[in-house]
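Engineer: Predicted model and sequence below, questions to follow.
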Amino acid sequence: MNIGIASRASGVSSKMIRYYEATGLIPKAGRTGSGYRDYTDKDVHKLRFVRRARDLGFSVEQIGGLLRLWEDRTRASADVKRMALTHVEVLRERAQQLEEMASALIHLADHCAGDDRPDCPIIEELAAPGRGHVHHNHHHHGLDGPKRARS
């Protein structure tokens, strides 16, 4: 089957299939006599495996390790379980970081008037020199003052 059919059957875009081949994650597909990629059902099965692993947040490097474990019939299931649980720790840490970012933005948004004035602590925080991260104890400048009259 050609790359378009393999893409639809696996749920992996043609662009990503070519990328996975170029990086060596999956072997290069065979070619037809006219030079077009020719995918087998086995190739599509492997692409589905890759897509499911990506959906679970595994990196391309981790997926390579999972593919090797999948293809290794002598593997120990403990190796797969260890890899999955390590990934769970990374996902939980990332979720905590995302939650902290959301909280910081909510804090800043709570102090933004959201009106027609230009004063905005969100922009001020992003533009602050020398700050590596958003501070929750942000100082407000002129946010509680009266609204300017429209001209």
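Structural biologist: Looks like it came in fine. Predicted, not measured: the structure shown is a model, and the values here were computed from it.

Engineer: what's the least confident helix or strand in this structure, going by average pLDDT?
Structural biologist: The least trusted helix or strand in the chain, going by mean pLDDT, DSSP states H and E, turns out to be helix 121-127, with a mean of 86.

Engineer: Now do the contacts for Asp38.
Structural biologist: Residues counted as contacts of Asp38 (CB atoms under 8 Å, 6 or more residues apart in numbering) are Met1, Asn2, Ala29, Gly30, Arg31, Thr32. All C-beta atoms are positioned from the backbone trio N, CA, C, and that covers glycine.

Engineer: Need the pLDDT of the second one.
Structural biologist: At Asn2, the predicted lDDT confidence score is 94.

Engineer: Going forward, count from 506.
Structural biologist: In the new numbering, first residue 506, that becomes Asn507.

Engineer: is it true that it touches Gly540?
Structural biologist: No - using CB atoms under 8 Å, Asn507 is not in contact with Gly540; the gap is 11.5 Å.

Engineer: With neighbour numbers in mind, choose between those two.
Structural biologist: The neighbour count for Asn507 versus Gly540, taken as other CB atoms under 10 Å, is higher for Asn507 (13 against 7).

Engineer: domains for this protein, by residue range?
Structural biologist: The record's domain parsing of the chain by automatic domain parsing lists 508-563, 581-647.

Engineer: Between those, which one is closest to Trp575.
Structural biologist: When the domains of the chain are compared for distance to Trp575 using CB to CB, the nearest one is domain 508-563, at 6.5 Å.

Engineer: got any ranges where this structure has weak pLDDT?
Structural biologist: The model of the chain has pLDDT under 70 over residues 636-656.

Engineer: Quick one: the strands in it, in order.
Structural biologist: Under the criterion DSSP state E, the chain contains strands at 535-536, 542-543.
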